[in-house]
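Novice: below are the sequence and a predicted model for it; my questions follow.
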Amino acid sequence: MTQKPQAERNVRKSAPAPAPPPAPSAPAEPRRPRLSMRARSAAWRDQHFYGFFSSLGRLAARPWATALTVLMLGFALAMPLLFWLAFNNARDLSGGLREAREVTVFLKPEIEGKAALDFAADLRKREDVAEVVVRTPEQGLAEFRQLSGFGDALDILKDNPLPNVLVVTPRSVPDGDNPPLVAEIRADARADLVQYDATWRRRLSDILGFGERAVAVIAALLALATLLVIGNTVRMDIQARTEEIAVMQLIGASDGFVRRPFLYSGLWYGLFGGALALIIVIGAEFAIAGPLDRLLASYDHRLALSGLDIVSAVVVIAASSLLGWAGAFLASARHMAAGHPE
C-alpha cells in the first residue's frame, strides 16, 4: 500500500508541465484616414504662407542689418544695369554707322549735272550696285546750311563750291578695305574723291563687341557676388537658430518645412535689392536728364536715347529674386544636412 502512492508521486514528477496560456495579442493600431487632395493643398498653402510672412517678419525685426544688406545688393545690381543701358544706347546710336555700306563719290568740279546723271546711269547697270542717288550742289549746300548753322556766312558766297555727289549702295557689304566696286570707281576719271570708311566701321564694331563682352563679364561677377552675399547672410541666420532647428527636427519637422523660411528670406533680399537697383538707375536717369536734353537739342533731337522700360524692370526684379532664392537654397541645403540631430 505504501509503494503505490510513492509510484504515483514519481509519475507526477516525471510528467511535463503544462504549457502556459498564450499571451493576449496587442490590439492593432487603427489606420489613419488618408487626407484628401484638397486638405493636403490647404496644408501646403498654409505652410508657404507661414514661411512667406514669418521670413518677412524676421527681416523687419532687425531693420539695420537688413537695410545694410539690401543697400549692398542694390548697388551691386545697379552697376551692371547702368553699364547695360549705356552700352545699349551706344549700340543703337552707332547701329546705322556700322551697317552703312554706302560709297560716297565726290565728282570733279567740271562734271556738270548731265554728266553726273550719265555716270549714275552707268553705275546702276552694274550687278553689284543696288541704288545710286545723285545729290546736286544745291542740295548739298542746303543740307550743309541746315546742319552747320552757318547760314549767314554762306550767303556771302558768290558761287556754290560744292560738287555733284553720288551715293552708291552696293547689293551686299563689300569685303576688305578696297573692294572691286570701290577700286573701279576710284579709277574712273570723273571721280575726284571716293569715301568708303570700311576700316573705321570695322573698328567701331570691334569696340562695341568688346563693350558687350565686358558688360556681360561685369554682370556675371556682380551676380555671383549677390549670390554669395545672400548665401552668407542666410548661413549666419541658420547658425543663429541652430537650437531651434534641432528642436523642430526632433519633433518630426521635414527639411522642406525647416528650409522654407530661409528660402523666402533669400527671396525677399533679392526682391528688395532689385527694387533698390531700379530706384538707383531711375535716379541716375533723372540726374543726367537736363544736360542730356541740352546735348540732344544741339543735334536738333536727331539722336534718341532709350531708358529703362517696363519689361527690363520686370526682368531685373525676377532675376534678382531668383538669385536670392538660389543663394538661400545653397546655404540652407548644406547646413540643414549638417544640422540633423543624432
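Specialist: Everything's here; your move.
Novice: could I get the average pLDDT for the lengthiest helix in the chain?
Specialist: Longest helix of the chain, by residue count under DSSP state H: helix 198-240. Per-region confidence: helix 198-240 scores 85 on mean pLDDT.
Novice: per-residue pLDDT, Leu97?
Specialist: Per the predicted model, pLDDT is 58 at Leu97.
Novice: same thing with Gln47?
Specialist: Predicted confidence (pLDDT) for Gln47: 71.
Novice: that one is in what secondary structure piece?
Specialist: Secondary structure assignment for Gln47, by DSSP states H and E: helix 37-61.
Novice: buried ones in the helix or strand following that helix?
Specialist: Using DSSP H and E, the helix or strand that follows helix 37-61 in sequence is helix 63-99. Neighbour-count burial for helix 63-99, with 16 or more other Cβ atoms under 10 Å as criterion, is recorded at 66, 69-70, 72-74, 76-85, 87-88, 90. For every residue, glycine as well, the C-beta is placed using N, CA and C.
Novice: ditto for stretch 238-258
Specialist: In stretch 238-258, counting by 16+ other Cβ under 10 Å, buried: 238, 241, 245, 248-249, 258.
Novice: Ala183 and Ala191, how far apart?
Specialist: When distance is defined by Cβ to Cβ, to the nearest Å, Ala183 is 11 Å away from Ala191.
Novice: which of those two has more neighbours?
Specialist: Using other Cβ atoms under 10 Å, the more surrounded residue of Ala183 and Ala191 is Ala191, with 17 against 13.
Novice: tell me the pLDDT at the more buried one?
Specialist: 87.
Novice: so what's it up against?
Specialist: Contacts for Ala191 (Cβ atoms under 8 Å, 6 or more residues apart in numbering) come out as 105-108, 185.
Novice: one more time with 10 Å
Specialist: Going by Cβ atoms under 10 Å, 6 or more residues apart in numbering, Ala191 touches 105-108, 111, 119, 166, 184-185.
Novice: quick one: the helix or strand that contains Leu296 to chain centroid distance?
Specialist: Using DSSP H and E, Leu296 maps to helix 289-298. Here the centre of mass of C-alpha atoms in helix 289-298, compared against the chain's by Cα atoms, centre = their mean, to the nearest Å, lies 28 Å away.
Novice: also stretch 264-280?
Specialist: 14 Å.
Novice: with stretch 261-273 instead?
Specialist: On Cα atoms, centre = their mean, the centre of stretch 261-273 falls 18 Å from the chain's centre.
Novice: return the residues in contact with Ala328.
Specialist: By Cβ under 10 Å, 6+ apart, the contact set of Ala328 is 55, 227, 230-231, 233-235, 237-238, 259, 261-270.
Novice: ok, the closest residue to Leu305 other than its chain neighbours to Arg202 distance?
Specialist: Closest residue to Leu305 apart from its sequence neighbours, by Cβ to Cβ, 6 or more residues apart in numbering: Asn89 at 5.0 Å. Taking Cβ to Cβ as the measure, Asn89 falls 21 Å from Arg202.
Novice: before we move on, what about Glu244?
Specialist: Taking Cβ to Cβ, one finds Glu244 at 63 Å from Arg202.
Novice: next: Ala277.
Specialist: From Ala277 to Arg202 the distance is 35 Å (Cβ to Cβ).
Novice: show me which of those two is the more surrounded one.
Specialist: With neighbours defined as other Cβ under 10 Å, Ala277 and Arg202 compare such that Ala277 has more, 25 against 12.
Novice: any buried residues in the helix or strand containing that one, and which?
Specialist: Following DSSP H and E, one finds Ala277 within helix 255-287. The neighbour-count check on helix 255-287 (16+ other Cβ under 10 Å) flags 258-278, 280-281, 284 as buried.
Novice: this structure - how does it break down into domains?
Specialist: Using automatic domain parsing, the domain parsing of the chain gives 48-97+202-338, 102-172.
Novice: what's the spacing between the last one and its chain's center?
Specialist: This points to domain 102-172. With Cα atoms, centre = their mean, you get 45 Å for domain 102-172.
Novice: quick one: secondary structure of the closest residue to Leu85 other than its chain neighbours?
Specialist: Once flanking residues are discounted, Leu85 sits nearest to Leu308: 6.6 Å by Cβ to Cβ, 6+ apart. Using DSSP: H, G, I helix; E, B strand; the rest coil, the structure places Leu308 in coil.
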